[in-house]
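Chemist: Sequence isn't available, so here's the structure alone:
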DNA sequence: GACATTTAAATGCATTTGCATGTACATTGC
DNA sequence: GCAATGTACATGCAAATGCATTTAAATGTC
């Protein structure tokens, strides 16, 4: 295999990194402009919101959000300090905590969503056809396996 | 447009973020395991290496590497402290500095490359056909415009 | 049950990042 | 020429991150 051929994959990675960066910047800027919390908060709040009052364990979020244990622990500290979530000792496993979104947490999540969604749409919808997006998802999904 | 249709683009973004994260983690882990500097250093060193002794201005790297001004300034501090680059006052514009890679900088860059490349290949080559990679690049490129 | 091992989460400390501002030089308009 | 404005880069300080370790409880072994 020649260098020229290899380059396709290197280019794919560079383009992936730059594309990601570009989109992420726009999303974060949109949230900041709207004086809303950063994207990471949304991810957490969405997971908690989806649990429908069941309570979520921190270690579950870790794998879902691809965050390191200590990183998540401190992200939760900050979100909790802002009053958007609560930690309660888990009765069935007293080492752990159950995480619950608060009313104000749900409220801020709902404020964030349209801003977040608009930022995504502004980029993706305008530039990719639906068919292209589906193919894009299929290809990208392979990288995670 | 229905929610279901919109979801394609949201999914595209989530998959992009996760795919990027997964690849990045593998690359950074590979470099760390080999006791080599992080990926950001490689990007800088490659740019300097390509300038063929011409010297590069910091503000040029900023846009090429999509880094904030202060972030780049401090990244350069660290790389310089390790002896992998030099900053020299630019004679034609004394506000600025010209950046040069050192011998040891070029050496470390050449050590990093195979580790970096292997990490990319391990993921992309195994999972994407060449044709698929080309299409992937085309699609992603649109997002940056 | 007593002891070693594993797991969940938090935390001290060093490094890195983000934001705002500072410093020095360059450029523009008069 | 020189005051005003703009540009290149650095930096003080606060916040976030990474790494290693700690704390506490669960689980496994005998």
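Modeler: Done, it's in. Everything numeric here is computed off the predicted structure, so don't read it as measured data. Numbers count the residues shown, from 1 in each chain, chains lettered A, B, ... in the order given.
Chemist: ok, and for stretch A:82-102, which residues are buried?
Modeler: By neighbour count on 16 or more other Cβ atoms under 10 Å in any protein chain shown, the buried set for stretch A:82-102 is A:84, A:85, A:86, A:87, A:96, A:97, A:98, A:99, A:100, A:101, A:102. Where C-beta positions appear, they are placed from N, C-alpha and C, glycine not excepted.
Chemist: helix or strand for the fourth one, which one?
Modeler: In this structure, residue A:87 is located in strand A:85-89 according to DSSP states H and E.
Chemist: Identify the residues contacting that strand?
Modeler: A:44-45, A:48, A:55, A:76, A:79-80, A:96-102, A:105 (Cβ atoms under 8 Å, 6 or more residues apart in numbering or on different chains).
Chemist: filter those down to the ones near DNA strand D?
Modeler: On the criterion Cβ under 7 Å from any atom of the strand, none of the entries of the contacts of strand A:85-89 sits beside DNA strand D.
Chemist: Can you tell me which of those lies closest to DNA strand C?
Modeler: DNA strand C lies nearest to residue A:96 out of the contacts of strand A:85-89, by Cβ to the nearest atom of the strand, at 3.2 Å.
Chemist: separation between the residue nearest to residue A:97 when sequence neighbours are not counted and DNA strand D?
Modeler: Nearest non-adjacent residue to residue A:97, counting by Cβ to Cβ, 6 or more residues apart in numbering or on different chains: residue A:87, 4.3 Å away. Separation of residue A:87 from DNA strand D (Cβ to the nearest atom of the strand, to the nearest Å): 14 Å.
Chemist: how about stretch A:131-138, does it get close to chain B?
Modeler: Yes: against chain B, stretch A:131-138 shows contacts by Cβ under 8 Å from any Cβ of the partner chain at A:132, A:133, A:134, A:135, A:136, A:137.
Chemist: Pull out the buried positions in the helix or strand hosting residue A:122.
Modeler: Taking DSSP H and E as the criterion, the element that holds residue A:122 is helix A:103-127. By 16+ other Cβ under 10 Å, the buried positions in helix A:103-127 come out as A:105, A:108-109, A:112, A:115-117, A:119-120, A:123-125, A:127.
Chemist: circling back: can you pick the most crowded of the residues of stretch A:131-138 next to chain B?
Modeler: Neighbour tally across the residues of stretch A:131-138 next to chain B (other Cβ atoms under 10 Å in any protein chain shown): the maximum, 25 neighbours, falls on residue A:136.
Chemist: wouldn't that residue be in contact with residue A:130 here?
Modeler: No: taking Cβ atoms under 8 Å as the definition, residue A:136 is not a contact partner of residue A:130, at 10.4 Å.
Chemist: No further queries at this time; thank you.
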